[in-house]
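Trainee: Give me a model of this one.
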Amino acid sequence: MPGIPEDVTLKLKHATRHLQVLNAQFADFGDREPYSDVGQLELDTPRNFGEYVMYMQVNRAPLPRWGLTIGDCLHNLRSALDCATLALWRAHSGEPSRKEIDGAMFPIYTTQKGFRLGRARKIGPPGHGLHPDAKRIIRLAQPYQRRDDPDAHYLAVLQALNNIDKHRLIHTTHAVMEGVPIIERQHNIEITYNSGVRSGGFDDGDPILHLRFRATGPKPELSVKLRSTYGVAFDKKGPARGQLVANLLNEIRVYIRDTLLPSLEPYF
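Mentor: Okay, here's the model as predicted:
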């Protein structure tokens with residue numbers, strides 16, 4: 001059995017190297033204190049109730065050059081799928097024509113109609129192109145098969161982000177990966193509500209912690225410090241919806257390497 005072609009595995013390995021570079025860049029940036037937390041205490045004196053809100057203050061903006069490395073990683077992941085598709089075509093139907101080579105690529109669709117219209121050009125019409133079982137596996141892997149939010153499928157996110165990268169740098173933002181509020185001083189205050197630290201992407205001035213309290217005596221005081229680990233997230237309004245960059249790219253990579261390609265391996 002020939003196994004997964006070398007050019008496919010090389011593309012995946014190159015994506016892994018880009019991901020390692022990103023992790024190193026993010027760690028170095030985080031060591032330079034790019035953000036700080038600012039707490040605001042408000043007390044309704046007549047009713048002895050109040051609230052404490054912690055906001056994030058961005059001291060250093062995300063670096064635009066990160067978008068270049070992210071784009072390179074996305075390109076190699078997407079290209080690995082297209083290389084695999086062409087190899088599957090050759091294995092079953094022989095060398096494709098120049099026109100067929102230009103059209104052959106791994107189809108990614110969030111709608112069944114789109115897949116039906118595009119599959120013949122990308123993976124071959126009935127009786128030609130990829131092995132019928134390989135075509136079936138690709139059809140079942142389509143994002144549209146996921147009835148609940150197909151746009152959030154790994155392949156759909158990869159396709160959307162890769163398309164964005166063709167036209168502009170991918171925007172990133174800061175993110176809280178894990179956060180624990182540490183109460184340094186609590187005097188004559190009983191906390192009645194704790195929202196917990198909001199995880200995920202944030203912009204300058206976003207609230208990430210909300211406490212409500214009741215004053216139990218004179219001169220109430222509350223001092224809170226945030227102990228958190230931080231990361232870098234995709235734009236909250238984009239297809240990745242504020243997910244952590246390194247985590248999401250790695251999850252897409254692992255899905256392709258460990259789930260999708262092994263299912264297609266018998267047909268190379």
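Trainee: Nearest spatial neighbour of Arg32, chain-adjacent residues omitted?
Mentor: Arg60 (6.5 Å; CB to CB, 6 or more residues apart in numbering). For glycine as for every other residue, the C-beta is placed from the backbone atoms N, C-alpha and C.
Trainee: Around the one you found, count how many other residues there are.
Mentor: Burial of Arg60, expressed as a neighbour count using other CB atoms under 10 Å, amounts to 12.
Trainee: same question, Ser36
Mentor: Ser36: 11 neighbours (other CB under 10 Å).
Trainee: So it is in contact with Arg60, correct?
Mentor: No. Between Ser36 and Arg60 there is no contact under CB atoms under 8 Å: 10.5 Å.
Trainee: Tell me the secondary structure at the residue nearest to Arg32.
Mentor: When states are read from DSSP: H, G, I helix; E, B strand; the rest coil, the local structure at Arg60 comes out as coil.
Trainee: dump the residue contacts of Tyr255.
Mentor: Listed by CB atoms under 8 Å, 6 or more residues apart in numbering, the contact set of Tyr255 reads Tyr154.
Trainee: ok, so what distance separates it from Gly114?
Mentor: Distance, Tyr255 to Gly114, by CB to CB, to the nearest Å: 21 Å.
Trainee: Please apply the same query to Pro239.
Mentor: For Pro239 relative to Gly114 (CB to CB), the value is 16 Å.
Trainee: Tell me which of the two has more neighbours.
Mentor: Neighbour count, other CB under 10 Å: between Pro239 and Gly114, Pro239 has more, with 18 against 15.
Trainee: so the nearest residue to the more buried one once chain neighbours are set aside is in which element?
Mentor: Once flanking residues are discounted, Pro239 sits nearest to Ala160: 3.6 Å by CB to CB, 6+ apart. For Ala160, the host element (DSSP states H and E) is helix 154-167.
Trainee: Skip ahead from that helix and say which helix or strand is next.
Mentor: On the C-terminal side of helix 154-167, the closest following helix or strand by DSSP H and E is strand 172-187.
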